[in-house]
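>>> Take a look and give me a structure for this.
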Amino acid sequence: MKLFKIPLVAVLFFTTFVSTVFAQLPPDESGKAVNDVVTESILPPHPYPTLPSNPIFGQDHSYSVVFRGNGEAVVTLKVIFTNTSSSVSNRIYLRVPKVEPKEILAYQIYKPETCIRYTDYPNRIAPTPGYDIDYTCEEYNKADYYGGYFGDASYYKARTDYSGDTLTIYLPKSVRADSSGALFVYFRAFGYAKKDLIGGFNYTFETLKANESIRNLTVGISTDSELYLKDAKGEVNYRFDEASLAPLSEAQYGVALTNPKVTSFVSGIGRGTVTKTASNLASLESYTVKGVYADSKIKLYQKEIFYGLVVLLLLVAGFWFTTRFVYKRLHSMKLTKEEKTDKIQDNFRSGVIIAAVTFFSPLLMVAYTFALILLSSSRMFNYGYDYLGAVLFIIVVILSIAVYGVLLFFPALYVGLKKGLHWALATFLMTVFWVAFYVFVIVVILSIFGQNSRVPVIF
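Residues are numbered from 1 along each chain as shown. A predicted model of the protein is given here:
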(Lines give C-alpha, C1' and ligand atoms only; values in the text may rest on other atoms or scores of the structure.)
Protein backbone atom coordinates (compact mmCIF):
# COMPACT_ATOMS: atom_id res chain seq x y z
CA MET A 1 0.00 0.00 0.00
CA LYS A 2 2.81 2.42 0.87
CA LEU A 3 4.53 1.65 -2.41
CA PHE A 4 1.32 2.63 -4.20
CA LYS A 5 0.94 5.96 -2.35
CA ILE A 6 4.41 7.29 -3.22
CA PRO A 7 3.92 7.25 -7.04
CA LEU A 8 0.42 8.66 -6.58
CA VAL A 9 1.70 11.67 -4.59
CA ALA A 10 4.40 12.34 -7.18
CA VAL A 11 1.84 12.30 -9.98
CA LEU A 12 -0.44 14.71 -8.11
CA PHE A 13 2.47 17.12 -7.44
CA PHE A 14 3.50 17.10 -11.09
CA THR A 15 -0.02 17.65 -12.42
CA THR A 16 -0.59 20.47 -9.90
CA PHE A 17 2.35 22.70 -10.88
CA VAL A 18 2.97 21.65 -14.49
CA SER A 19 0.06 20.42 -16.55
CA THR A 20 0.81 18.75 -19.85
CA VAL A 21 -1.92 19.35 -22.45
CA PHE A 22 -2.09 17.20 -25.55
CA ALA A 23 -3.80 19.22 -28.28
CA GLN A 24 -5.25 17.48 -31.35
CA LEU A 25 -4.18 19.39 -34.45
CA PRO A 26 -5.72 19.04 -37.92
CA PRO A 27 -4.37 16.15 -40.05
CA ASP A 28 -1.48 16.80 -42.36
CA GLU A 29 -1.59 16.60 -46.16
CA SER A 30 -1.37 12.80 -46.10
CA GLY A 31 -4.36 12.52 -43.77
CA LYS A 32 -2.38 11.50 -40.69
CA ALA A 33 -3.23 12.97 -37.31
CA VAL A 34 -0.63 15.27 -35.77
CA ASN A 35 -0.33 15.54 -32.00
CA ASP A 36 1.46 18.51 -30.37
CA VAL A 37 2.46 18.82 -26.78
CA VAL A 38 1.96 22.20 -25.06
CA THR A 39 3.42 22.73 -21.62
CA GLU A 40 1.84 25.44 -19.45
CA SER A 41 2.90 26.69 -16.02
CA ILE A 42 0.54 28.09 -13.41
CA LEU A 43 3.45 29.93 -11.72
CA PRO A 44 3.21 33.75 -11.89
CA PRO A 45 5.09 35.52 -14.72
CA HIS A 46 8.56 36.93 -14.15
CA PRO A 47 8.17 39.96 -11.84
CA TYR A 48 9.46 43.38 -12.86
CA PRO A 49 12.25 44.90 -10.77
CA THR A 50 11.03 47.07 -7.93
CA LEU A 51 11.88 50.70 -8.65
CA PRO A 52 13.35 52.80 -5.86
CA SER A 53 10.98 55.54 -4.80
CA ASN A 54 12.38 59.05 -4.99
CA PRO A 55 12.27 61.14 -1.81
CA ILE A 56 9.38 63.60 -1.74
CA PHE A 57 10.66 65.80 1.06
CA GLY A 58 13.01 67.98 -0.98
CA GLN A 59 16.52 68.25 -2.31
CA ASP A 60 19.88 67.22 -0.89
CA HIS A 61 22.67 69.84 -0.88
CA SER A 62 26.34 69.21 -0.10
CA TYR A 63 29.01 71.93 0.06
CA SER A 64 32.79 71.85 0.13
CA VAL A 65 34.17 75.31 0.89
CA VAL A 66 37.90 76.10 0.84
CA PHE A 67 39.02 79.46 2.27
CA ARG A 68 42.24 81.04 1.08
CA GLY A 69 44.74 83.46 2.56
CA ASN A 70 43.37 86.42 0.60
CA GLY A 71 39.84 85.93 1.93
CA GLU A 72 38.55 84.22 -1.20
CA ALA A 73 36.28 81.19 -0.93
CA VAL A 74 36.21 78.33 -3.44
CA VAL A 75 32.77 76.73 -3.29
CA THR A 76 31.62 73.43 -4.75
CA LEU A 77 27.95 72.51 -4.41
CA LYS A 78 26.31 69.19 -5.24
CA VAL A 79 22.53 69.22 -5.67
CA ILE A 80 20.33 66.14 -5.85
CA PHE A 81 16.74 66.91 -6.77
CA THR A 82 13.47 65.33 -7.88
CA ASN A 83 11.27 66.52 -10.71
CA THR A 84 7.88 66.59 -9.02
CA SER A 85 6.13 68.21 -11.98
CA SER A 86 4.12 66.38 -14.62
CA SER A 87 6.49 67.36 -17.43
CA VAL A 88 10.20 67.10 -18.07
CA SER A 89 12.54 69.50 -16.27
CA ASN A 90 15.57 71.12 -17.87
CA ARG A 91 16.30 74.06 -15.55
CA ILE A 92 17.40 74.51 -11.96
CA TYR A 93 17.27 77.83 -10.12
CA LEU A 94 19.51 78.75 -7.18
CA ARG A 95 19.86 82.04 -5.34
CA VAL A 96 23.26 83.22 -4.13
CA PRO A 97 22.90 85.51 -1.10
CA LYS A 98 25.19 88.48 -0.29
CA VAL A 99 28.10 87.63 -2.61
CA GLU A 100 28.75 87.73 -6.33
CA PRO A 101 30.12 84.43 -7.64
CA LYS A 102 32.87 84.38 -10.26
CA GLU A 103 34.13 81.70 -12.68
CA ILE A 104 30.90 79.74 -12.44
CA LEU A 105 30.98 76.21 -13.82
CA ALA A 106 28.10 73.74 -13.71
CA TYR A 107 27.92 70.09 -14.71
CA GLN A 108 25.01 67.70 -14.78
CA ILE A 109 25.60 64.27 -13.31
CA TYR A 110 23.91 61.73 -15.54
CA LYS A 111 23.34 58.05 -14.84
CA PRO A 112 22.01 55.96 -17.74
CA GLU A 113 18.47 54.65 -17.70
CA THR A 114 17.64 51.13 -18.87
CA CYS A 115 14.36 49.90 -20.27
CA ILE A 116 12.63 47.28 -18.17
CA ARG A 117 9.40 46.88 -20.17
CA TYR A 118 8.56 47.21 -23.85
CA THR A 119 5.19 47.98 -25.41
CA ASP A 120 5.00 45.08 -27.89
CA TYR A 121 6.11 42.46 -25.38
CA PRO A 122 4.95 43.49 -21.87
CA ASN A 123 6.23 40.29 -20.30
CA ARG A 124 9.67 40.54 -21.88
CA ILE A 125 12.54 42.11 -19.96
CA ALA A 126 14.53 42.95 -23.12
CA PRO A 127 14.21 42.36 -26.87
CA THR A 128 15.20 38.99 -28.18
CA PRO A 129 18.68 39.17 -29.71
CA GLY A 130 18.88 38.54 -33.42
CA TYR A 131 15.56 40.15 -34.36
CA ASP A 132 15.53 43.53 -36.10
CA ILE A 133 12.33 44.84 -34.51
CA ASP A 134 11.76 48.40 -33.31
CA TYR A 135 10.55 47.98 -29.74
CA THR A 136 9.00 50.94 -27.95
CA CYS A 137 10.02 51.26 -24.30
CA GLU A 138 7.06 51.60 -22.00
CA GLU A 139 8.86 51.79 -18.65
CA TYR A 140 12.41 52.83 -17.70
CA ASN A 141 14.44 51.90 -14.68
CA LYS A 142 14.83 55.31 -13.04
CA ALA A 143 18.33 56.20 -11.93
CA ASP A 144 18.80 56.66 -8.19
CA TYR A 145 20.90 59.74 -7.38
CA TYR A 146 20.05 59.92 -3.70
CA GLY A 147 22.01 56.77 -2.92
CA GLY A 148 25.31 58.59 -3.42
CA TYR A 149 26.86 56.11 -5.87
CA PHE A 150 28.17 57.74 -9.06
CA GLY A 151 30.50 55.05 -10.33
CA ASP A 152 28.65 54.66 -13.64
CA ALA A 153 27.88 58.36 -14.06
CA SER A 154 28.94 60.65 -16.86
CA TYR A 155 29.15 64.42 -16.75
CA TYR A 156 27.72 67.02 -19.10
CA LYS A 157 28.80 70.64 -19.06
CA ALA A 158 25.77 72.84 -18.45
CA ARG A 159 25.14 76.41 -19.53
CA THR A 160 24.54 78.92 -16.75
CA ASP A 161 23.10 82.39 -16.43
CA TYR A 162 23.61 84.64 -13.41
CA SER A 163 21.35 87.66 -13.08
CA GLY A 164 20.72 89.63 -9.91
CA ASP A 165 21.14 86.97 -7.25
CA THR A 166 19.67 84.08 -9.26
CA LEU A 167 21.79 81.39 -10.87
CA THR A 168 20.00 79.51 -13.65
CA ILE A 169 21.42 76.15 -14.74
CA TYR A 170 20.24 74.68 -18.06
CA LEU A 171 20.38 70.90 -17.90
CA PRO A 172 21.78 69.19 -21.02
CA LYS A 173 19.75 66.08 -20.19
CA SER A 174 16.11 66.66 -19.33
CA VAL A 175 14.84 64.95 -16.21
CA ARG A 176 11.61 62.98 -16.62
CA ALA A 177 8.61 63.58 -14.44
CA ASP A 178 8.84 61.89 -11.05
CA SER A 179 12.52 61.16 -11.63
CA SER A 180 15.61 62.38 -9.83
CA GLY A 181 18.66 64.19 -11.12
CA ALA A 182 21.93 65.64 -9.89
CA LEU A 183 24.40 68.38 -10.70
CA PHE A 184 27.32 70.21 -9.15
CA VAL A 185 28.35 73.87 -9.31
CA TYR A 186 31.81 75.38 -8.87
CA PHE A 187 32.51 79.07 -8.27
CA ARG A 188 34.76 81.54 -6.43
CA ALA A 189 33.64 84.50 -4.36
CA PHE A 190 34.89 87.24 -2.07
CA GLY A 191 32.76 88.49 0.79
CA TYR A 192 32.37 85.39 2.92
CA ALA A 193 35.48 86.22 5.02
CA LYS A 194 36.58 89.52 6.57
CA LYS A 195 40.02 90.25 7.98
CA ASP A 196 40.31 91.48 11.56
CA LEU A 197 42.88 93.78 13.17
CA ILE A 198 45.50 91.15 13.96
CA GLY A 199 45.36 89.27 10.66
CA GLY A 200 42.76 86.56 11.28
CA PHE A 201 39.67 86.01 9.13
CA ASN A 202 36.13 85.78 10.46
CA TYR A 203 34.02 83.93 7.91
CA THR A 204 30.25 83.73 7.55
CA PHE A 205 29.19 81.27 4.87
CA GLU A 206 25.54 81.33 3.86
CA THR A 207 24.27 78.50 1.68
CA LEU A 208 22.46 78.97 -1.60
CA LYS A 209 18.66 79.09 -1.60
CA ALA A 210 16.43 76.80 -3.65
CA ASN A 211 12.83 77.13 -4.77
CA GLU A 212 12.09 73.76 -3.16
CA SER A 213 12.60 72.54 0.37
CA ILE A 214 15.96 71.04 1.27
CA ARG A 215 15.79 67.66 2.98
CA ASN A 216 19.45 67.28 3.98
CA LEU A 217 22.26 69.85 3.92
CA THR A 218 25.95 69.34 4.64
CA VAL A 219 28.65 72.03 4.69
CA GLY A 220 32.34 71.08 4.86
CA ILE A 221 34.78 73.93 5.62
CA SER A 222 38.51 73.67 4.86
CA THR A 223 41.45 76.01 4.32
CA ASP A 224 44.69 76.09 2.40
CA SER A 225 47.50 73.99 3.84
CA GLU A 226 49.34 76.93 5.43
CA LEU A 227 46.24 78.16 7.29
CA TYR A 228 44.61 76.99 10.52
CA LEU A 229 40.90 76.58 11.14
CA LYS A 230 39.34 77.07 14.54
CA ASP A 231 37.50 74.07 16.03
CA ALA A 232 39.16 71.79 13.48
CA LYS A 233 38.85 68.08 14.23
CA GLY A 234 42.02 66.28 13.23
CA GLU A 235 44.63 67.13 10.64
CA VAL A 236 43.11 65.37 7.62
CA ASN A 237 43.40 67.38 4.43
CA TYR A 238 39.96 67.61 2.82
CA ARG A 239 40.92 70.17 0.20
CA PHE A 240 40.22 68.92 -3.29
CA ASP A 241 42.95 68.59 -5.87
CA GLU A 242 42.28 71.08 -8.63
CA ALA A 243 44.06 68.75 -11.03
CA SER A 244 41.00 66.50 -10.80
CA LEU A 245 38.98 69.33 -12.38
CA ALA A 246 41.26 69.59 -15.41
CA PRO A 247 39.15 67.18 -17.51
CA LEU A 248 36.05 69.22 -16.70
CA SER A 249 37.60 72.46 -17.90
CA GLU A 250 38.17 70.83 -21.29
CA ALA A 251 34.65 69.39 -21.52
CA GLN A 252 32.42 70.47 -24.41
CA TYR A 253 28.73 71.24 -24.22
CA GLY A 254 26.59 68.22 -25.06
CA VAL A 255 29.49 65.77 -24.90
CA ALA A 256 29.53 63.15 -22.16
CA LEU A 257 32.62 62.95 -19.98
CA THR A 258 33.51 59.88 -17.93
CA ASN A 259 36.53 60.16 -15.65
CA PRO A 260 37.34 58.33 -12.38
CA LYS A 261 39.06 61.41 -10.92
CA VAL A 262 35.96 63.51 -11.48
CA THR A 263 33.80 60.81 -9.91
CA SER A 264 36.06 60.73 -6.85
CA PHE A 265 35.89 64.52 -6.65
CA VAL A 266 32.08 64.53 -6.86
CA SER A 267 31.77 61.82 -4.22
CA GLY A 268 33.88 63.91 -1.82
CA ILE A 269 31.75 67.05 -2.03
CA GLY A 270 30.44 67.75 1.47
CA ARG A 271 33.58 66.80 3.38
CA GLY A 272 35.69 69.27 5.31
CA THR A 273 37.89 69.86 8.33
CA VAL A 274 34.85 71.41 10.02
CA THR A 275 31.51 69.88 9.04
CA LYS A 276 28.05 71.24 9.80
CA THR A 277 24.71 69.65 8.95
CA ALA A 278 21.11 70.79 8.80
CA SER A 279 17.82 69.29 7.69
CA ASN A 280 14.29 70.19 6.65
CA LEU A 281 14.98 73.68 5.34
CA ALA A 282 12.00 75.46 3.81
CA SER A 283 12.05 76.82 0.28
CA LEU A 284 14.22 79.95 -0.09
CA GLU A 285 15.71 79.29 3.36
CA SER A 286 19.48 79.30 3.87
CA TYR A 287 21.86 77.96 6.50
CA THR A 288 24.79 79.96 7.92
CA VAL A 289 28.14 78.65 9.17
CA LYS A 290 30.46 80.97 11.10
CA GLY A 291 34.06 80.53 12.19
CA VAL A 292 37.62 81.82 12.22
CA TYR A 293 40.76 80.90 10.29
CA ALA A 294 44.24 82.42 10.29
CA ASP A 295 47.87 81.77 9.46
CA SER A 296 48.73 81.31 13.17
CA LYS A 297 46.97 79.32 15.86
CA ILE A 298 47.33 82.19 18.34
CA LYS A 299 45.22 84.41 16.08
CA LEU A 300 42.41 81.88 16.22
CA TYR A 301 41.90 82.48 19.94
CA GLN A 302 42.34 86.24 20.10
CA LYS A 303 39.05 86.75 21.93
CA GLU A 304 39.87 84.14 24.54
CA ILE A 305 43.35 85.60 25.01
CA PHE A 306 41.93 89.12 25.32
CA TYR A 307 39.39 88.10 27.95
CA GLY A 308 42.07 86.19 29.83
CA LEU A 309 44.35 89.22 29.87
CA VAL A 310 41.50 91.39 31.17
CA VAL A 311 40.89 88.96 34.04
CA LEU A 312 44.61 88.81 34.71
CA LEU A 313 44.88 92.61 34.84
CA LEU A 314 41.93 92.80 37.22
CA LEU A 315 43.62 90.31 39.54
CA VAL A 316 46.89 92.25 39.39
CA ALA A 317 45.06 95.49 40.12
CA GLY A 318 43.28 93.90 43.07
CA PHE A 319 46.54 92.58 44.47
CA TRP A 320 48.24 95.97 44.03
CA PHE A 321 45.48 97.88 45.80
CA THR A 322 45.42 95.34 48.63
CA THR A 323 49.19 95.50 49.10
CA ARG A 324 49.13 99.28 48.99
CA PHE A 325 46.40 99.36 51.60
CA VAL A 326 48.34 97.04 53.92
CA TYR A 327 51.54 99.05 53.42
CA LYS A 328 49.84 102.35 54.28
CA ARG A 329 48.22 100.77 57.31
CA LEU A 330 51.58 99.64 58.63
CA HIS A 331 53.23 103.02 58.08
CA SER A 332 50.40 104.81 59.84
CA MET A 333 51.26 103.03 63.09
CA LYS A 334 53.18 105.14 65.61
CA LEU A 335 56.51 103.38 65.99
CA THR A 336 60.08 104.45 66.73
CA LYS A 337 62.64 104.61 63.95
CA GLU A 338 64.26 101.33 64.99
CA GLU A 339 60.87 99.62 65.31
CA LYS A 340 59.84 100.86 61.87
CA THR A 341 63.09 99.57 60.39
CA ASP A 342 62.65 96.17 62.01
CA LYS A 343 59.01 96.14 60.96
CA ILE A 344 59.86 96.91 57.35
CA GLN A 345 62.55 94.23 57.27
CA ASP A 346 60.20 91.73 58.85
CA ASN A 347 57.46 92.62 56.39
CA PHE A 348 59.90 92.30 53.50
CA ARG A 349 60.97 88.82 54.62
CA SER A 350 57.34 87.84 55.17
CA GLY A 351 56.41 89.20 51.74
CA VAL A 352 59.14 87.19 50.04
CA ILE A 353 58.06 84.03 51.86
CA ILE A 354 54.41 84.62 51.03
CA ALA A 355 55.23 85.29 47.37
CA ALA A 356 57.19 82.04 47.18
CA VAL A 357 54.48 80.03 48.94
CA THR A 358 51.67 81.47 46.82
CA PHE A 359 53.69 80.78 43.66
CA PHE A 360 54.56 77.16 44.41
CA SER A 361 51.26 76.19 46.03
CA PRO A 362 49.23 76.58 42.78
CA LEU A 363 52.11 74.93 40.93
CA LEU A 364 51.67 71.88 43.16
CA MET A 365 47.95 71.98 42.37
CA VAL A 366 48.76 71.85 38.66
CA ALA A 367 51.16 68.94 39.16
CA TYR A 368 48.59 67.07 41.23
CA THR A 369 45.93 67.66 38.56
CA PHE A 370 48.21 66.29 35.86
CA ALA A 371 48.90 63.24 38.03
CA LEU A 372 45.14 62.72 38.37
CA ILE A 373 44.72 62.87 34.60
CA LEU A 374 47.36 60.20 34.14
CA LEU A 375 45.84 58.08 36.89
CA SER A 376 42.34 58.40 35.44
CA SER A 377 43.58 56.84 32.20
CA SER A 378 44.72 53.78 34.09
CA ARG A 379 42.76 50.57 33.72
CA MET A 380 42.37 50.45 37.48
CA PHE A 381 39.56 53.00 37.09
CA ASN A 382 37.64 50.66 34.84
CA TYR A 383 35.29 49.75 37.65
CA GLY A 384 32.78 48.18 35.30
CA TYR A 385 34.69 44.92 35.70
CA ASP A 386 35.53 44.92 39.41
CA TYR A 387 34.96 46.89 42.62
CA LEU A 388 38.59 47.92 43.08
CA GLY A 389 38.26 50.75 40.59
CA ALA A 390 35.13 52.12 42.28
CA VAL A 391 36.77 52.10 45.70
CA LEU A 392 39.91 53.72 44.32
CA PHE A 393 37.82 56.38 42.60
CA ILE A 394 36.06 57.35 45.85
CA ILE A 395 39.37 57.49 47.72
CA VAL A 396 40.91 59.72 45.05
CA VAL A 397 37.92 62.09 45.13
CA ILE A 398 38.12 62.50 48.91
CA LEU A 399 41.89 62.88 48.78
CA SER A 400 41.65 65.47 46.00
CA ILE A 401 39.21 67.62 47.98
CA ALA A 402 41.63 67.59 50.90
CA VAL A 403 44.70 68.33 48.75
CA TYR A 404 43.10 71.21 46.86
CA GLY A 405 41.70 72.65 50.07
CA VAL A 406 45.07 72.56 51.84
CA LEU A 407 47.00 74.03 48.90
CA LEU A 408 44.45 76.81 48.39
CA PHE A 409 43.52 77.85 51.94
CA PHE A 410 46.32 76.66 54.25
CA PRO A 411 48.90 79.34 53.26
CA ALA A 412 46.41 82.14 53.93
CA LEU A 413 45.25 80.52 57.18
CA TYR A 414 48.79 80.06 58.47
CA VAL A 415 49.84 83.61 57.58
CA GLY A 416 46.67 84.98 59.15
CA LEU A 417 47.45 83.30 62.45
CA LYS A 418 51.00 84.68 62.40
CA LYS A 419 50.61 88.12 60.83
CA GLY A 420 46.95 89.05 61.02
CA LEU A 421 43.89 89.34 58.81
CA HIS A 422 45.36 91.74 56.26
CA TRP A 423 48.30 89.48 55.55
CA ALA A 424 45.95 86.49 55.28
CA LEU A 425 43.81 88.34 52.74
CA ALA A 426 46.88 89.31 50.71
CA THR A 427 48.12 85.71 50.77
CA PHE A 428 44.78 84.33 49.62
CA LEU A 429 44.54 86.88 46.79
CA MET A 430 48.05 86.03 45.66
CA THR A 431 47.20 82.33 45.67
CA VAL A 432 44.06 82.93 43.61
CA PHE A 433 46.04 85.13 41.23
CA TRP A 434 48.62 82.44 40.52
CA VAL A 435 45.90 79.78 40.17
CA ALA A 436 44.15 81.92 37.56
CA PHE A 437 47.45 82.59 35.83
CA TYR A 438 48.31 78.89 35.58
CA VAL A 439 44.82 78.02 34.35
CA PHE A 440 45.07 80.72 31.70
CA VAL A 441 48.47 79.48 30.51
CA ILE A 442 47.29 75.86 30.38
CA VAL A 443 44.14 76.78 28.43
CA VAL A 444 46.16 78.75 25.89
CA ILE A 445 48.71 75.94 25.48
CA LEU A 446 46.01 73.30 25.05
CA SER A 447 44.07 75.48 22.63
CA ILE A 448 47.09 76.05 20.45
CA PHE A 449 49.05 72.81 20.66
CA GLY A 450 46.86 70.22 22.35
CA GLN A 451 43.82 69.90 20.10
CA ASN A 452 44.61 66.37 19.01
CA SER A 453 46.84 65.23 21.83
CA ARG A 454 45.98 62.14 23.81
CA VAL A 455 46.81 61.30 27.36
CA PRO A 456 49.05 58.24 27.63
CA VAL A 457 47.32 55.17 28.99
CA ILE A 458 48.80 53.64 32.14
CA PHE A 459 48.39 49.88 32.33
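
>>> what residue ranges in the stretch 251-400 of the chain score low on pLDDT?
Within the stretch 251-400 of the chain, the stretches with pLDDT under 70 are 322-323, 326-348, 351, 377-390.

>>> how about the strands in it?
In the stretch 251-400 of the chain, strands defined by DSSP state E, counting those that start in this stretch lie at 274-281, 288-294, listed in chain order.

>>> Mean neighbour count, the ones you listed: which tops it?
The highest mean neighbour count among the strands of the stretch 251-400 of the chain, using mean count of other C-beta atoms under 10 Å, belongs to strand 288-294: a mean of 19. For every residue, glycine as well, the C-beta is placed using N, CA and C.

>>> number of nearby residues for Gly272?
A count of neighbours around Gly272, defined by other C-beta atoms under 10 Å, yields 25.

>>> on that earlier part again, can you put the strands of the stretch 251-400 of the chain in a markdown table and add distance to Phe150?
Shown next, in a markdown table, are the strands of the stretch 251-400 of the chain (distance: least, C-beta to C-beta, whole Å):
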| stretch | distance to Phe150 |
| --- | --- |
| strand 274-281 | 20 |
| strand 288-294 | 25 |
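
>>> Can you verify Val66 is assigned to a helix?
No: under the criterion used here (DSSP: H, G, I helix; E, B strand; the rest coil), Val66 is strand, not part of a helix.

>>> what bridges to it?
Counting by DSSP bridges, Val66 forms beta bridges with Val74, Ser222.

>>> hang on, it packs against Ala73?
Yes: using C-beta atoms under 8 Å, Val66 is in contact with Ala73, at 7.1 Å.

>>> Which residue ranges of the stretch 1-150 of the chain form helices?
2-17 (DSSP state H, counting those that start in this stretch).

>>> cool, and the stretch 351-459 of the chain?
388-419, 421-449.

>>> Which strands and helices lie in contact with the first one?
Okay, so that is helix 388-419. Applying 3 or more C-beta pairs under 8 Å, 6 or more residues apart in numbering; DSSP states H and E, we find helix 388-419 packed against helix 337-376, helix 421-449.

>>> Kindly calculate the angle that the shortest one makes with helix 388-419.
Using axes from the mean of the first three to the mean of the last three C-alpha atoms, to 10 degrees, the direction of helix 421-449 lies 140 degrees away from that of helix 388-419.

>>> buried set for stretch 302-310?
302, 305, 308 (16 or more other C-beta atoms under 10 Å).

>>> Give the closest residue to the second one in space, chain neighbours not counted.
Once flanking residues are discounted, Ile305 sits nearest to Val444: 6.6 Å by C-beta to C-beta, 6 or more residues apart in numbering.

>>> re earlier: let's have the buried residues of stretch 302-310 in a markdown table, adding distance to Ser179.
Output for the buried residues of stretch 302-310, formatted as a markdown table (distance: C-beta to C-beta, whole Å):
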| residue | distance to Ser179 |
| --- | --- |
| Gln302 | 51 |
| Ile305 | 55 |
| Gly308 | 57 |
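
>>> who does Tyr162 bridge with?
According to DSSP bridges, beta-bridge pairing links Tyr162 with Leu167.

>>> how much space is there between it and Arg95?
Distance, Tyr162 to Arg95, using C-beta to C-beta, to the nearest Å: 10 Å.

>>> same check, this time on Val66
22 Å.

>>> where exactly do the strands run in the stretch 1-150 of the chain?
So, for the stretch 1-150 of the chain - with DSSP E, counting those that start in this stretch - the strands run 18-25, 34-41, 59-67, 73-82, 89-95, 102-110, 114-118, 137-141.

>>> For Ala412, find the nearest of the ones you listed.
Closest approach to Ala412 among the strands of the stretch 1-150 of the chain is made by strand 59-67 (49.9 Å; C-beta to C-beta).

>>> coming back round to it: between Tyr162 and Arg95, what contacts are shared?
Here Tyr162 and Arg95 share no contacting residue, scored by C-beta atoms under 8 Å, 6 or more residues apart in numbering.

>>> sorry, back to before: any residues in contact with both of Val66 and Ala73?
Between them, Val66 and Ala73 share no contacting residue, judged by C-beta under 8 Å, 6+ apart.

>>> pLDDT below threshold where in the stretch 51-200 of the chain?
51-57, 120-135.

>>> Provide the count of other residues in contact range of Lys142.
Residues near Lys142, counting by other C-beta under 10 Å: 19.

>>> Quick check: it touching Glu113?
Yes: with contacts counted by C-beta under 8 Å, Lys142 reaches Glu113, the gap being 6.7 Å.

>>> next SSE after the one helix or strand Thr218 maps to?
Secondary structure from DSSP states H and E places Thr218 in strand 214-223. Proceeding N to C from strand 214-223, the next assigned helix or strand is strand 228-229, under DSSP H and E.
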